[in-house]
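J.: this one's sequence-less:
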Ligand code: COA
Ligand code: ZN
């Protein structure tokens, strides 16, 4: 397959938001900035830089303004921030973010645990935020994405019906939102469910920019990403080293690992635009930064192209390979 024939997929890095929000140790502001600047040069389509949540709810990202204002903005990379309410939107806009990533849950109980409000209150916040962000859009192109947590299952309620997810996506579309992420907050999704839900969303709203956001909590993250890819999803969130997790979802663990996802898509013949070796270099320094081992696999095993010399004993028995 020639380079030109390869289909493009867009990799969106969330380690510095989804990852650092749940780390037990505060990652110093300058180290966050240094990592983002390094990731900006690796070919990622988007980086979710931080979250303009209440610092009481998410103390690990209390430095949101300093990080957002401190990074270098590389042309071609979108710099997004998570926003739970109008106050967060105003803070994000004051830092010139490229994308406001609104967040609410598909399940009532996780919305209350995460955002201290019901789903209807979150929708009301969205309705107030969208015009504010859109007036900023007119001046300097701010995109609005809505992330729907627990879209594949809720750690409190269990099954979240597909009809409920579709009804919420419809509410977002009706508000004028053009980008939607479906998030598997605690790794409850399976590939069949992923195919069915994304197929239904893309059939109903073919022009919506849809992102798949998977956590690997039960080892199904890459299988779910492959399933989403099969039905036409081309935007994927992922986290360097496989960091990540919602502090308000019991049992939450890391996102699908960015370098593992890039490695999988590239080996399948897709064009991620990402330089895997640069990602692996950044991932290699991550354990020291967060103070613990990280779950990424390709960093440990090397890419599938890695080859080892035949052991001397085998060479002696059968001769050197041709
Ligand atoms: N940024 C900064 N401060 C904020 C804020 C924001 N976006 N929203 C509220 N606050 C402050 C208020 O000013 C108030 O401060 P005070 O106690 O000093 O007066 C305090 O936070 C509580 O405000 P209130 O409106 O009562 O919010 P709440 O306690 O009901 O919390 C949220 C609601 C949405 C602000 C909070 O739950 C939150 O930030 N959640 C985000 C969770 C998240 O990011 N999860 C991970 C991603 S999935
Ligand atoms: Zn997440």
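T.: Right, received. Where do you want to start? On a predicted model such as this, the values are computed, not experimentally measured, just so you know. Ligands and ions are numbered 1, 2, ... in the order given.
J.: correct me, but residue 153 touches residue 162?
T.: No. Between residue 153 and residue 162 there is no contact under C-beta atoms under 8 Å: 11.2 Å. The C-beta positions use only the backbone N, C-alpha and C, and glycine is treated the same way.
J.: list the buried residues in the helix or strand hosting residue 288.
T.: Using DSSP states H and E, residue 288 maps to helix 286-290. For helix 286-290, the neighbour count (16 or more other C-beta atoms under 10 Å) marks 286, 289-290 as buried.
J.: likewise stretch 98-112?
T.: Along stretch 98-112, the positions that meet the burial threshold by neighbour count (16+ other C-beta under 10 Å) are 98-108, 110-112.
J.: what lies in contact with the helix or strand that residue 34 is a member of?
T.: When secondary structure is defined by DSSP H and E, residue 34 falls within helix 29-40. Contacts of helix 29-40 from elsewhere in the structure, counted by C-beta atoms under 8 Å, 6 or more residues apart in numbering, are 13, 15-16, 20, 47, 49-50, 63, 66-67, 70-74, 77, 240, 278-279, 282, 289.
J.: chain center to that helix, what's the gap?
T.: Relative to the centre of its chain, helix 29-40 is centred 17 Å away, using C-alpha atoms, centre = their mean, to the nearest Å.
J.: past it, which element shows up next along the chain?
T.: The helix or strand immediately downstream of helix 29-40 is strand 46-51, counting by DSSP H and E.
J.: contact residues of the stretch 51-200 of the chain facing ligand 1?
T.: For the stretch 51-200 of the chain, the residues in contact with ligand 1 (C-beta under 6 Å from any ligand atom) are 51-58, 82, 84-85, 87-88, 91, 103, 114-116, 149.
J.: among those residues, name the buried ones.
T.: For these, burial is judged from neighbour counts taken by 16+ other C-beta under 10 Å, and it is met by 51-53, 57-58, 82, 84-85, 88, 91, 103, 114-115, 149.
J.: re earlier: tell me the helix or strand right after the helix holding residue 288.
T.: Following the chain from helix 286-290 toward its C-terminal end, the next helix or strand by DSSP H and E is helix 298-301.
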